[in-house]
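> Predicted model follows, preceded by the sequence.
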Amino acid sequence: MKNRCSWVSENSLCIEYHDKEWGAPVFNDQILFEFLILETFQAGLSWSTILNKRAQFRIAFDGFDCQKIAKYTEEKYKLLMQDRGIIRNSLKIRSAITNAHCFMAVQKEYGSFSKFIWAYVLGKPILNTFENALAVPASTVLSKVISKDLKKLGFKFMGPTTVYAYMQAVGLVKDHTTDCFKF
């Protein structure tokens, strides 16, 4: 049996996510946007809750197409608020729409969101060597800087803890603990 990071549950979706996605560098804007939205919905909840609802999120949010989400009307917002397959939080749903606009503005200014976000780590993941989950921080100086910058650009629900979780998810930082087979 493989030794994994201690946060990984026995849930097959969680195991697959840990083994194949978490911490793997993502440069594709579509996937970067998907994780940005999922991380904002995860705030205050467990990641397994999000993983269990991920397929329905993809359907409800048009495959995480930022151009489509930016055009959501009040009617679409109301439909999302009735969708039991996603997290029905009014502020988070509205933030997804706002963040789609902001994401596209960053793409326009920097050529891609990937170029923008990866510049914070000079294009290479930060490799951490934490021995256990207790040693992994909830936020860092860098996540605070990125959070502040994203907020200046109009992004919502992107506090330092959410930003750090995002950084972990898309591989800006590699936080597999030293006892994990992915380390």
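Okay, I see it. Residues are numbered from 1 along each chain as shown.
> I figured Cys14 hits Asn52, correct?
No - at 9.1 Å, Cys14 does not count as touching Asn52 under the criterion of Cβ atoms under 8 Å. Every residue, glycine included, has its C-beta placed from N, CA and C.
> More neighbours: the two, which one.
More neighbours surround Cys14 than the other of Cys14 and Asn52, with 19 against 14 (other Cβ atoms under 10 Å).
> can you tell me how far that one sits from Phe64?
As judged by Cβ to Cβ, to the nearest Å, Cys14 and Phe64 stand 20 Å apart.
> quick one: the strands in the protein?
Assigned by DSSP state E, the strands in the chain fall at 126-127, 173-174.
> just checking, what packs against the first one?
Think strand 126-127. Judged by 3 or more Cβ pairs under 8 Å, 6 or more residues apart in numbering; DSSP states H and E, strand 126-127 is in contact with strand 173-174.
> and the strand it packs on, how far out from the chain's middle?
How far strand 173-174 lies from its chain's middle: 13 Å, per Cα atoms, centre = their mean, to the nearest Å.
> Mind listing the strands it pairs with, and their directions?
According to DSSP bridges, strand 173-174 forms sheet pairs with strand 126-127 (parallel).
> any idea how far the most centrally placed residue in the chain is from Val173?
Most central in the chain under Cα atoms, centre = their mean is Phe35, positioned 3.2 Å from the mean C-alpha point. Distance of Phe35 to Val173, given as Cβ to Cβ: 13 Å.
> joint contacts of the two?
Taking Cβ atoms under 8 Å, 6 or more residues apart in numbering as the contact definition, Phe35 and Val173 share no neighbouring residue.
> pLDDT on stretch 106-126, on average?
Across stretch 106-126, the average pLDDT comes to 98.
> Any idea how far apart the tips of it sit?
The first and final residues of stretch 106-126 sit 23 Å from each other (Cα to Cα, to the nearest Å).
> One more: stretch 135-147?
Using Cα to Cα, the end-to-end distance of stretch 135-147 comes out at 21 Å.
> Then stretch 6-23?
End-to-end distance of stretch 6-23 (Cα to Cα): 15 Å.
> now what about that stretch, what contacts it?
Contacts of stretch 6-23 (Cβ under 8 Å, 6+ apart): 2, 4-5, 47-48, 51-52, 54, 125, 132-133, 168-169, 171, 173-177, 182.
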